[in-house]
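**Student:** mind looking at a prediction? Sequence and model below.
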Amino acid sequence: MRHNQDFAAETRIVTAEELAQLASPAPALPEHSDFELPRWMWSVMLGGYGTFLGGLLGATAGEGRAEFAVAISAFYVAMFFGTARVLANVDDRRVGVFGRTGGKLNTWTGPMDTRSVAGQVLVLPVLLGFFGVAIAIISAIVA
């Protein structure tokens, strides 16, 4: 059995305003111009990198070339995060912290809660901080 659709039965006359509304694009979701991470996550992340660089600086105290290399690394970290912050906020629109919007961060693979985001974002900086402290301790024991 073949289905024949009756287009005449489904058509209707629309006004110019209705046509303009139908032709206009749907409202787009706002782009996430900031990274939506709460301030405490940024503090822990930057603190981990700072602890790592501080541990390296403590381990290489007195070595001019090594201290210069650590200073270059610190400058690189500052440029990395600073450039990302400036470029992410060029349009001056801020979506807001996902903790204020129901506690879920929407990702391509689905929503993530605060604990999951913290676990994924903070594991490397925290471990690098511990590594920097370990380097400083080992250097103090050996020297």
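**Tutor:** Yes, it's here.
**Student:** which stretches in this protein count as helices?
**Tutor:** 7-10, 16-23, 39-59, 64-88, 114-142 (DSSP state H).
**Student:** please identify the most buried of those.
**Tutor:** For those, the largest average neighbour count (mean count of other C-beta atoms under 10 Å) is found in helix 39-59, namely a mean of 17. Backbone N, C-alpha and C define where each C-beta goes, glycine included.
**Student:** hmm, Val126 and Phe52 touching each other?
**Tutor:** No. Phe52 lies out of contact with Val126 (C-beta atoms under 8 Å); the separation is 9.8 Å.
**Student:** so which of the helices of the chain gets nearest Trp108?
**Tutor:** With C-beta to C-beta, the closest approach to Trp108 among the helices of the chain belongs to helix 114-142: 13.6 Å.
**Student:** mind giving me the packing neighbours of the closest one?
**Tutor:** When contacts are defined as 3 or more C-beta pairs under 8 Å, 6 or more residues apart in numbering; DSSP states H and E, helix 114-142 packs onto helix 39-59.
**Student:** ok and the helix it packs on relative to helix 114-142, angle-wise?
**Tutor:** If you take axes from the mean of the first three to the mean of the last three C-alpha atoms, to 10 degrees, helix 39-59 sits at 10 degrees to helix 114-142.
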